[in-house]
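K.L.:
sequence first, then the predicted structure, then my questions.
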Amino acid sequence: MEKYLLDTNIYINFYERYYRVKYFPSFWAKLPAILNKYVVIPEIVVDENYQDPKFRKWLDKNYLKEIINHKNYAMQWAQVLQYIDDCEYYKEEALSADRGWAHEKIADPWLIAIAKEENLTVVTSEIRNPNLHNPNGNKAAKIPDVCDDLEVGCIDMNDFFEKINLCI
């Protein structure tokens, strides 16, 4: 059975943007079983500063598996950063900017590192950069682009729903 790592933006989609509990109670009734069956959650995603405290409490109550320690993948994380540094598609800012991937608290490179090591698929709302091959380089790395280059599975939220046969 395929397992998934959900980017922080997917959880934000769930609780803030598209599937608020008030309007989609059936989604929230099914979500614990989905997470416990199909999803691996690393600590970095739970800790990323975007997460709503109510969602964190909900997750503590409903996610029954162990939250994995992303720092156990530090060597793989460093390899992802080295790829960005070496790749002609990216400017130095892709690592060093405020939201650059070299910042330890940014989940994106950790997700790719964990997914590559554990053969998981990343689920994200980020889209591929159509100007990736810009000769001037890009200031930001995008999960789908880096996943493609590192041969890591990467899908969007609707593809995830299809793969797990979600029907509400």
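P.N.:
Yes, it's here. Numbers count the residues shown, from 1 in each chain.
K.L.:
what's the pLDDT at the closest residue to S96 other than its chain neighbours?
P.N.:
Once flanking residues are discounted, S96 sits nearest to A102: 6.0 Å by Cβ to Cβ, 6 or more residues apart in numbering. For glycine as for every other residue, the C-beta is placed from the backbone atoms N, C-alpha and C. pLDDT for A102: 93.
K.L.:
helix/strand/coil for A102?
P.N.:
coil (DSSP: H, G, I helix; E, B strand; the rest coil).
K.L.:
please renumber the chain so that the first residue is 789 from this point on.
P.N.:
Got it, first residue is 789 now, which makes that one A890.
K.L.:
could you pull up phi and psi at it?
P.N.:
phi -80, psi -10 (degrees, to the nearest 10).
K.L.:
what's the answer for L794, then?
P.N.:
Dihedral angles (degrees, to the nearest 10) for L794: phi -100, psi 130.
K.L.:
and it, bridged to which residues?
P.N.:
V911 (DSSP bridges).
K.L.:
how near is it to P918?
P.N.:
Taking Cβ to Cβ, to the nearest Å as the measure, L794 falls 24 Å from P918.
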